[in-house]
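Peer 1: Kindly generate the corresponding structure for this input.
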Amino acid sequence: MVEQKRGAIVNTASVAGLIGFPGLSAYHAAKGGVVLLTKNSALEFAPFGVRVNCICPGVIETPLVLNSIAQAEGALQHLAKMHPLGRNGQPIEIARGFVSGLR
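Peer 2: Here you go, the predicted model:
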């Protein structure tokens, strides 16, 4: 990408890389590291025409979420209320963010 003087990198972190919740220190540290790596990489590679961005989703209704968090009655509805849209995200929405970020 540097040689071509163009390119795009899209990393995945989480809203947990931006704000904290009790009991998830290691997860927050890992996601926060991705966010800061993205910011630093964007600064380092911008002079070469390479864009670096990060997608930080909240709760996305993936099979993992549906099979673990959803086991607790009302958990998905409770989590949905925490999102500004009033609902949890869908995997396709994250996929669209990647496609847009790579254009």
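Peer 1: buried stuff in the host helix or strand of A8?
Peer 2: Per DSSP states H and E: A8 is located in strand 7-12. For strand 7-12, burial by neighbour count (16 or more other C-beta atoms under 10 Å) applies to I9, V10, N11. Placement of C-beta: from N, CA and C, glycine included.
Peer 1: again, but for stretch 88-101
Peer 2: By 16+ other C-beta under 10 Å, the buried positions in stretch 88-101 come out as N88, G89, G97, G101.
Peer 1: How about the second one, nearest residue that isn't a chain neighbour?
Peer 2: Closest residue to G89 apart from its sequence neighbours, by C-beta to C-beta, 6 or more residues apart in numbering: I60 at 4.4 Å.
Peer 1: quick one, longest helix in the protein?
Peer 2: Identified as the longest helix of the chain according to DSSP state H is helix 25-45.
Peer 1: Output the contacting helices and strands for it.
Peer 2: Where contact means 3 or more C-beta pairs under 8 Å, 6 or more residues apart in numbering; DSSP states H and E, helix 25-45 is packed against strand 7-12, strand 50-55.
Peer 1: Quick one: mean pLDDT over it.
Peer 2: Across helix 25-45, pLDDT averages out at 97.
Peer 1: Give me the contact list for that helix.
Peer 2: For helix 25-45, contacts defined as C-beta atoms under 8 Å, 6 or more residues apart in numbering pick out 1-2, 7, 9, 11-14, 16-18, 20-21, 51-54, 56.
Peer 1: Reformat the buried residues of strand 7-12 as a markdown table; add pLDDT.
Peer 2: Formatted as a markdown table, these follow (pLDDT from 0 to 100):
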| residue | pLDDT |
| --- | --- |
| I9 | 95 |
| V10 | 95 |
| N11 | 96 |
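Peer 1: Outside of the strand holding A8 itself, list whatever touches it.
Peer 2: Contacts with strand 7-12, where a contact means C-beta under 8 Å, 6+ apart, come from 1, 34, 37-38, 41, 45, 49-55, 57, 94, 97-98, 101-103.
Peer 1: And the buried ones among these, selectable in PyMOL?
Peer 2: Selection command for PyMOL covering only the buried members of the contacts of strand 7-12, criterion 16+ other C-beta under 10 Å:
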select buried, resi 34+38+41+45+50+51+52+53+54+55+57+97+101
